[in-house]
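**Q** structure here, sequence nowhere to be found:
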């Protein structure tokens, strides 16, 4: 019996002292193996009396279990330590930069255009487009712009021949949409697109630019509907709480016509360099569709009315992002384009 | 329009009205005041008399003066060439602040003490245009009556005036006339407006023999009047001051009257020296080509179509723009002929523009002259010539055409007005506005009828009246509502949706969108890729660079790349979606240009080069996402364009059997010419995508049976294409081949010359059972056999 305890104590001592996984494996083999001390204890069984045998056997089994358990426990400790050492060796400098993935950007004019399209789609408008090489007929005639109007001069418009030109405003799309409706109400369209004017390019002028125009025709459409619609747009484009202001103006295709100012999104209306101290920024032109325009497109102007508005996409982008030179939009310097790659 | 507050007072009582308050009211009513300026500015001014004037000892142009300013005598150094002893002059004393904030301080000028300054009009901020040559070149000299010691100098000069600079919308050209503008002022101030009483003043005179005629419909009306006696002399101060304020130089009483009446009525006038007209006859023509000298002394080239005034067959004025030199009014003039005619606006605009001659008269004609203006102007001329130029010896008016007041009425109902505007105005409010505007409203129940004055040519329909009502009652209180109508579905068209999907996919793959100019040069047209047809050319381009509507996007994108590379921007990977045009046709296209790397990081050992294969991957992935699987695309030898592309690194991209576009490396010769590095370019016809059926997103069960991979290395002839090998494998393996990938292509050592080794990984998988070893072996053998048969491919030993 003492012998068993002695074997067990010695084995446990060895296990305790062991700090190496391989060595522990070795201990397992030597202590629990066929030629190991515990096995040799078993061989002592045959010299015992039958009365002593069961107790001794049980004693040896206990010893074997205890030693095996100690090895398992030590094994777990050492394995964990080994894993920790391995992990430590795999240490990285987490302050090194991440992989610099590059995503592409939408052009800022596309961003503004889509924003406008989406907010009007939300109000039940469809998005309409038309040709940039346009007929004088849709660009001017149908828009109630008489033949002797200065805008129809070769000096201001890129004519191709007396009948064709590069459209000077997206009003041309509206005129096509009115005709397409064949007198059917209602009409609710938003018309974005490129337009062209015979201007020299400088910081604030561009011979090519983008507009988006909206048109609603129905029964009893009022000037207050126009104001409400533009208020909604101003809130979405320039932030909640923007005020809008109408000022009398003149366009051939609307009557009454208004210029629409939005309270300055930079200073909130107190006055700053962006709004030239006035607290207001001129953003849109708008008005009630001129009865002549409705009649020419086959509508009975005594039975319906409508409103139209137009906004310069560059103008909005310049205001919203603080861009100071319109030419930036067409130079496409990648350093410029990258400035617009955020969700805004 | 430059509106002088002093001048305005001739017609409206402005007591208690500041320029700022009036500006605000006019702006709100649609006459936008763009600027408020003082005609002259200066504090601490006094009228002084130069007592002595000596040359400065240390200067060849300065003078040392003593000036009596009433209560003291000041020492002043003056640099003006025209200063002389005895002159009465404007003195700004120490402490004065002049135009532009210039402050007068005591100073020593080259050793001589100077306490103040003798002023020119420019130093008071007077517009250079309103000054004579003499005034521009030196100090201002008063006449002898000027009271020395007078401190209200600007008032004495009549320069204590404020100008409102009003930006007029084209429909309100009538407000280029002071009379009409005064009516507008009256309406916003609710004050009465009185025009000078000169009605029918020209209905006097004896019959004469002066004849007028017009040989062109571009001059439908011509009123003429002979005045056999006038006395030319200086203008009264008020007259020259009003003209100065407006921006017209004072010349003499007679010429000044013609200009004054023009600004009052909006009708350009021309006064001829009657004695210098060799024939008592004037004919307006528009069919002459010649050179003529106008009264600015310059020669102008007259072409057919230009309106010309002739007398006895000889030209004497560019009609509506500028008179001729010979018949100009001067000090010796004693009799005049008055011209008040109507000339066609477009014709005047064209001539004025072509000659680069933009005069006040041309401006008025171009913007529009009201029908009654000619007679108003002649009436007023007669009145003023009598008052200010001792005019006498009038002959009867001579006339071409007829002048009739186009009595025009417009009716509107209160109901319609409020419905259109969304307002709740009362009849009293509405009638009040219309009366303020002199529209003479007459009410009949819900209806009111306006009789429109001749100068309001902009008021023709009821909506015009509604606008008058809202602009004067103010937009400020307008409510906000939204249209009430049946619901409509807002949506994008297929084209718009596709465009957005393209952008989204390309963005995700690292390409940025650009927008470039539509108008391009001849060179860009010559270099078009897949040109759509004959280019659309502008009739009158502004430059050679912007002459045509582009027929392809290639040059625009390559120029954009060149710009960026010139500015040292690396990894330029761009796309553009745009229409291209040709005569009678248009096409929407996608263009991509890629250079350097798409993704790279030295640190992370990543470098996805922007080469042909990256571009091909971008394109196939984008098209796949749009519903055009890679199987529907093929990349064929480039037979479209080998001028712009590397002939061996470019391809025609086919969708089915139709040409979608061309993709490839830019030809090194072209790249060099454009100053760009290695780049890949592709341009694709989006109309073809729109016209082709895109596959729908569809669920299929996830395959739960194991896949088996077999890698093979094949030796084939150099010219065998990877696609042939993959097709052979798929054809042989049928549905059991799930995927084939090329993972290596090798030529060189251990491979016979003229051949190459292609390594492929084949994935076998069944959709309904686990493949047995035998099945896999069988199908693999079939594949290898087919490869050998179709492509003479042998397994690499």
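**A** On my side now, so go ahead. Predicted, not measured: the structure shown is a model, and the values here were computed from it.

**Q** ok so residue A:129 is a strand residue?
**A** No. Counting by DSSP: H, G, I helix; E, B strand; the rest coil, residue A:129 is not found in a strand; it is coil.

**Q** any idea which element the residue nearest to it when sequence neighbours are not counted lies in?
**A** Once flanking residues are discounted, residue A:129 sits nearest to residue A:193: 5.9 Å by C-beta to C-beta, 6 or more residues apart in numbering or on different chains. The C-beta positions use only the backbone N, C-alpha and C, and glycine is treated the same way. Taking DSSP states H and E as the definition, one finds residue A:193 inside strand A:187-196.

**Q** ditto for residue B:291
**A** Following DSSP H and E, one finds residue B:291 within strand B:290-293.

**Q** got the contact list for the spatially closest residue to residue A:140 that is not a sequence neighbour?
**A** In space, residue A:140 comes closest to residue A:152 once its chain neighbours are excluded; the distance is 5.4 Å by C-beta to C-beta, 6+ apart. If you count contacts by C-beta atoms under 8 Å, 6 or more residues apart in numbering or on different chains, residue A:152 has them with A:136, A:140, A:145, A:146.

**Q** turn those residues into a markdown table, including neighbour count.
**A** Below are the contacts of residue A:152 laid out as a markdown table (neighbours: other C-beta atoms under 10 Å in any protein chain shown):
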| residue | neighbour count |
| --- | --- |
| A:136 | 21 |
| A:140 | 26 |
| A:145 | 20 |
| A:146 | 10 |
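
**Q** how close does the residue nearest to residue A:140 get to residue A:312?
**A** 21 Å (C-beta to C-beta, to the nearest Å).

**Q** repeat for residue B:524
**A** Taken as C-beta to C-beta, the span from residue B:524 to residue A:312 is 27 Å.

**Q** before we move on, the earlier item: adding pLDDT and secondary structure, write the contacts of residue A:152 out as TSV.
**A** Converted to TSV, the contacts of residue A:152 look like this (pLDDT from 0 to 100; DSSP: H, G, I helix; E, B strand; the rest coil):
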residue	pLDDT	secondary structure
A:136	95	helix
A:140	95	helix
A:145	91	coil
A:146	85	coil
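
**Q** out of those residues, who's nearest residue B:727?
**A** Nearest to residue B:727 among the contacts of residue A:152, counting by C-beta to C-beta, is residue A:136 at 54.2 Å.

**Q** show me the domain layout of the chain.
**A** You didn't pick a chain, so chain A it is. A:2-89, A:108-340 (automatic domain parsing).

**Q** wait, chain B was what I had in mind.
**A** According to automatic domain parsing, the domains of chain B span B:2-39+B:162-189, B:45-157, B:211-400, B:414-449+B:460-473, B:494-691, B:708-795.

**Q** quick check: closest non-adjacent residue to the residue of the stretch 151-300 of chain B found nearest chain A.
**A** Per C-beta to the nearest C-beta, residue B:169 is where the stretch 151-300 of chain B lies closest to chain A, at 3.6 Å. Once flanking residues are discounted, residue B:169 sits nearest to residue A:250: 3.6 Å by C-beta to C-beta, 6+ apart.

**Q** pull the number of nearby residues for the one you found.
**A** Counted with other C-beta atoms under 10 Å in any protein chain shown, the neighbours of residue A:250 add up to 20.

**Q** more neighbours: residue B:524 and residue A:312, which one.
**A** With neighbours defined as other C-beta under 10 Å, residue B:524 and residue A:312 compare such that residue B:524 has more, 23 against 20.

**Q** could you tell me the end-to-end distance of stretch A:331-344?
**A** 23 Å (C-alpha to C-alpha, to the nearest Å).

**Q** buried residues in that stretch, which are they?
**A** Judged by neighbour count (16 or more other C-beta atoms under 10 Å in any protein chain shown), stretch A:331-344 contains these buried residues: A:332, A:333, A:334, A:336, A:337, A:340.

**Q** any chance of those residues in a markdown table, with secondary structure and pLDDT too?
**A** Listed next are the buried residues of stretch A:331-344 as a markdown table, based on DSSP: H, G, I helix; E, B strand; the rest coil; pLDDT from 0 to 100:
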| residue | secondary structure | pLDDT |
| --- | --- | --- |
| A:332 | coil | 97 |
| A:333 | coil | 98 |
| A:334 | helix | 97 |
| A:336 | helix | 97 |
| A:337 | helix | 97 |
| A:340 | helix | 93 |
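
**Q** ok, and which of these reach chain B?
**A** Among those, the residues lying close to chain B (C-beta under 8 Å from any C-beta of the partner chain) are A:332, A:333, A:334, A:337.

**Q** just give the closest residue to the residue of the stretch 601-750 of chain B found nearest chain A, not the sequence neighbours.
**A** Across the stretch 601-750 of chain B, the shortest distance to chain A (C-beta to the nearest C-beta) belongs to residue B:604, at 5.0 Å. Distances taken as C-beta to C-beta, 6+ apart place residue A:99 nearest to residue B:604, at 5.0 Å, with adjacent residues excluded.

**Q** does the one you found really touch residue B:601, like I thought?
**A** Yes. Contact criterion C-beta atoms under 8 Å: residue A:99 and residue B:601 qualify, at 5.4 Å.

**Q** who has more neighbours out of these two?
**A** Using other C-beta under 10 Å, the more surrounded residue of residue A:99 and residue B:601 is residue B:601, with 14 against 10.

**Q** ok, back up a step: would you single out the least confident of the domains of chain A?
**A** Across the domains of chain A, domain A:2-89 has the smallest mean pLDDT, namely a mean of 87.

**Q** distance of the residue lying farthest from the centre of chain A from chain B?
**A** Each residue of chain A has a distance to the centre, and by C-alpha atoms, centre = their mean the biggest one is for residue A:49: 87.5 Å. With the distance defined as C-beta to the nearest C-beta, to the nearest Å, residue A:49 ends up 63 Å from chain B.

**Q** and the stretch 251-400 of chain B, which residues reach chain A?
**A** So far as C-beta under 8 Å from any C-beta goes, the stretch 251-400 of chain B lies against chain A at B:345, B:346, B:349, B:353, B:366.

**Q** which helix runs longest in chain A?
**A** What stands out as the longest helix in chain A, according to DSSP state H, is helix A:52-89.

**Q** that one: which residues count as buried?
**A** Result for helix A:52-89 [16+ other C-beta under 10 Å]: buried residues A:56, A:59, A:60, A:63, A:64, A:67, A:70, A:71, A:74, A:75, A:78.

**Q** can you name the next helix or strand after it?
**A** Taking DSSP H and E, what comes next after helix A:52-89 is helix A:108-121.

**Q** show me what counts as buried in that next one.
**A** Neighbour count says helix A:108-121 has A:108-117, A:119-121 buried, by 16+ other C-beta under 10 Å.

**Q** end to end on stretch A:185-201, go ahead and measure it.
**A** Using C-alpha to C-alpha, the two ends of stretch A:185-201 sit 41 Å apart.

**Q** buried residues, the helix or strand containing residue B:378. List them.
**A** Counting by DSSP H and E, the element that carries residue B:378 is helix B:373-389. Within helix B:373-389, the residues that qualify as buried are B:373-386, B:388-389, counting by 16+ other C-beta under 10 Å.

**Q** let's verify residue B:649: helix, strand, or coil?
**A** strand.

**Q** and it, what does it touch?
**A** Residue B:649 neighbours (C-beta under 8 Å, 6+ apart): B:612, B:664, B:665.

**Q** and what of residue B:670?
**A** Counted by C-beta under 8 Å, 6+ apart, residue B:670 has contacts B:558, B:643, B:644.

**Q** go again using 7 Å as the cut-off
**A** residue B:644 (C-beta atoms under 7 Å, 6 or more residues apart in numbering or on different chains).

**Q** surely it is in a strand?
**A** No. Using three-state DSSP, the assignment for residue B:670 is helix, not a strand.

**Q** go ahead and confirm residue B:560 touches residue B:512.
**A** No. Residue B:560 is not in contact with residue B:512 according to C-beta atoms under 7 Å; the separation is 10.6 Å.

**Q** this completes my enquiry, with thanks.
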